[in-house]
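>>> next one to model:
(chains A and B)
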Amino acid sequence: MANHRSKHLLPGFGLTMGVSLFYITLVILLPIAAMLLKVAGMGWPEFWRIVSSNRALAAYRITFGSAFIATVLNGVIGLLLAWVITRYRFPGRRVLDALVDLPFALPTAVAGLVLVTLFASGGWYGQFLEPAGIKVNYTQLGIVAAMTFTSIPFVVRAVQPVLEDLDEGLESAARTLGASRWQVFTRIVWPTILPAFIGGCVLSFARSLGEFGAVVFIAGNLPGVTEIVSLLIYIRLDEYNYEAAAALAFVLLLVAFLTLVATNALAAWQTRYVERSA
Amino acid sequence: MTDRPARSPAELALIAVAVLVTVLTLVVPLAVIFAFALREGLGVYVANILQPNTLHAIWLTVVTAIVVVPVNILVGAALAWLVTRFRFRGRQLLVSFIELPASVSPIVAGVTYLFLYGGQGLLGPTLQGAGLQIMFTPLAIVLVSLFVTAPYAARELIPLMSQQGTEDEEAALSLGADGWQMFFLVTLPNIRWALIYGAVLTNARVMGEFGSVSVVSGAIRGQTNTLPLQINLLFNDFNITGAFAAASTLTLIAVVTLVIKSILESRQHA
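Numbers count the residues shown, from 1 in each chain, chains lettered A, B, ... in the order given. The predicted structure is shown next:
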């Protein structure tokens, strides 16, 4: 029988609320607050000087630029893989499906180690690429490679469920009415998967912006050339320059927060879209 | 869902490209790890793994996982129960908070903990006064790992529990079960696959965590080096074979993670 004293039908409100609030405050909010306090105590001129310094600007350019390229690549690869896995049956499909999650499961340090070894001059890939003039290690290409690898699953896993739920009846109807395959894709399939696709791209972009482990092995970390923002923060910590580290970390935190807002907005768009077409 | 054998050349071409891309970007990296780890033979491989510093790194990584995974599972379950069974203001905010660590760069995560528990951090003077040190110890590694893996269990449980609804539990209550009986005998069995999956994901992330642990651990060999940090150290020492040997242990865990995930998913669809 429900507890008459509580206004909730099910038990456990107090307990779970207490545990959740305590944990979130202690583990998530308190550290972030500590960092915000550090930044707040810095004063605006100093903060601005750090986040707009030449080295920082170069780091933003390298990080955002590489992440953008990696996200475009992942968009294409992700769409292709999601399509092939959901639409066709072929030997090895389930293995392919499972492999897509490898970058999630594999430690970033291992990914970095593998990539730098693959693209070294004598490496399995490097031995073909370097004579052709394509140097990957210690260049921005390396950063893009690392970011692409670690974010492969995002677009695939975002688009897959939507593709699976797609009503084949709609597509068949369109075909019988004379639509070409391309028209079916652009008019029916693409608009339906667009929110999920963008959501996956946003996640991929956000992850690439913050990626450290995989990039740090392959990038060589030359300021102005391959120094990403998270590495610059790490170097500042090493130099005991905590203020600079805090300021730059704040910039990344802000971007993380914006990503969260964007993802929530996209999820809401997706839900409205689904409800409209239902 | 139509999955039919492909017929047209265009479809076959798409599959071929997809398979090629997968081999180049996913299969080859896997192969490289084991090829290079075993490059100098099985004997050297085993010797590399049994190196004292590597063994310690393995131990530290495993212990961290043993602490972090159950804690985040429990908290994830508590939070999932809270937001799926009750309506209250700030519900969405709470979910956003637990999701926050997933969007944050690992380095930033480490920095926030440094500024909380480090010498010049918020609690620094207090801890020093009490003679306690948290930063640059295994405890810091555990704490920051709790932060970065907080979302994973909750992410799996919340959609499932909100989809499942409350009928089973209400039925149990009306039949006279108390709260804990209801939870253990009704709720838990319903969510067990999501729980296991969340545990597997959390575990994979904890064992592989690099950026945040780099910042807070001090990377002291034989003391606060986790396996990913050890890999980095060996690599910087130009001990490639050793680095790959250490990497192979984590990779085996990653592959097991993928296999378990596959099995769980086919069970869910069954």
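>>> residue 122: neighbour count?
Reading this off chain A. Residues near A:Gly122, counting by other C-beta atoms under 10 Å in any protein chain shown, number 8. Backbone N, C-alpha and C define where each C-beta goes, glycine included.
>>> to clarify, I was referring to chain B.
Close neighbours of B:Leu122, defined as other C-beta under 10 Å, add up to 18.
>>> state the pLDDT value of the closest residue to it other than its chain neighbours.
When the adjacent residues along the chain are set aside, B:Leu122 lies closest to A:Ala34, with 4.1 Å between them (C-beta to C-beta, 6 or more residues apart in numbering or on different chains). At A:Ala34 the predicted local confidence, pLDDT, stands at 92.
>>> pull out the buried positions in the one helix or strand A:Ala34 maps to.
A:Ala34 is part of helix A:30-40 when elements are defined by DSSP states H and E. Going by neighbour count (16 or more other C-beta atoms under 10 Å in any protein chain shown), the buried part of helix A:30-40 is A:Leu30, A:Pro31, A:Ile32, A:Ala34, A:Met35, A:Lys38, A:Val39.
>>> can you pull out the strands in the chain?
Looking at chain A here, since you left the chain open. Listed in chain order, the strands found in chain A under DSSP state E are A:88-89.
>>> meant chain B, my bad for not saying
For chain B, applying DSSP E gives strands covering B:4-5.
>>> ranges for the helices of chain B?
Listed in chain order, the helices of chain B (DSSP state H) span B:9-22, B:28-37, B:42-49, B:52-85, B:91-103, B:106-117, B:124-129, B:138-164, B:167-174, B:179-182, B:188-208, B:211-217, B:227-236, B:240-269.
>>> burial check on B:Phe120, number of neighbours?
Careful, residue B:120 is Gln; it's not Phe. Burial of B:Gln120, expressed as a neighbour count using other C-beta under 10 Å, amounts to 11.
>>> I'd guessed A:Gly220 sits against A:Val136; true?
No. Counting by C-beta atoms under 8 Å, A:Gly220 does not reach A:Val136; the two are 10.7 Å apart.
>>> next up, the contacts around B:Val108.
A:Met35, A:Gly210, A:Ser230, A:Ile233, A:Ala249, A:Leu252, A:Leu253, A:Ala256 (C-beta atoms under 8 Å, 6 or more residues apart in numbering or on different chains).
>>> with B:Leu114 instead?
B:Leu114 is in contact with A:Leu237, A:Tyr242, B:Gly121, B:Met135, B:Val215, B:Val216, counting by C-beta under 8 Å, 6+ apart.
>>> the fourth one: what's it in contact with?
Right, the one you point to is B:Met135. Taking C-beta under 8 Å, 6+ apart, we find B:Met135 in contact with B:Tyr113, B:Leu114, B:Tyr117, B:Gly118, B:Gly119, B:Gly121, B:Val216, B:Gly218.
>>> check the last one too.
Taking C-beta under 8 Å, 6+ apart as the criterion, B:Val216 is in contact with B:Gly110, B:Tyr113, B:Leu114, B:Met135, B:Phe136, B:Ala140, B:Ile141, B:Leu143, B:Val144.
>>> equivalent analysis for the first one, please.
Applying C-beta under 8 Å, 6+ apart, one finds that A:Leu237 lies in contact with A:Ala245, B:Val111, B:Leu114, B:Val215.
>>> just those residues now: which is nearest A:Trp269?
Sorting the contacts of A:Leu237 by how near they are to A:Trp269, with C-beta to C-beta, puts B:Val111 at the top with 32.7 Å.
>>> so which residues make contact with stretch A:91-106?
Where contact means C-beta under 8 Å, 6+ apart, the residues beyond stretch A:91-106 that reach it are A:81, A:84-85, A:111, A:149-153, A:156-157, B:3, B:18-19, B:22, B:26-27, B:29-30, B:201, B:204, B:208, B:250-251, B:253-255, B:257-259, B:261-262.
>>> show the buried residues in those residues.
If you count burial by 16+ other C-beta under 10 Å, the buried members of the contacts of stretch A:91-106 come out as A:81, A:84-85, A:111, A:149-153, A:156-157, B:18-19, B:22, B:26, B:29-30, B:201, B:204, B:208, B:250-251, B:253-255, B:257-258, B:261-262.
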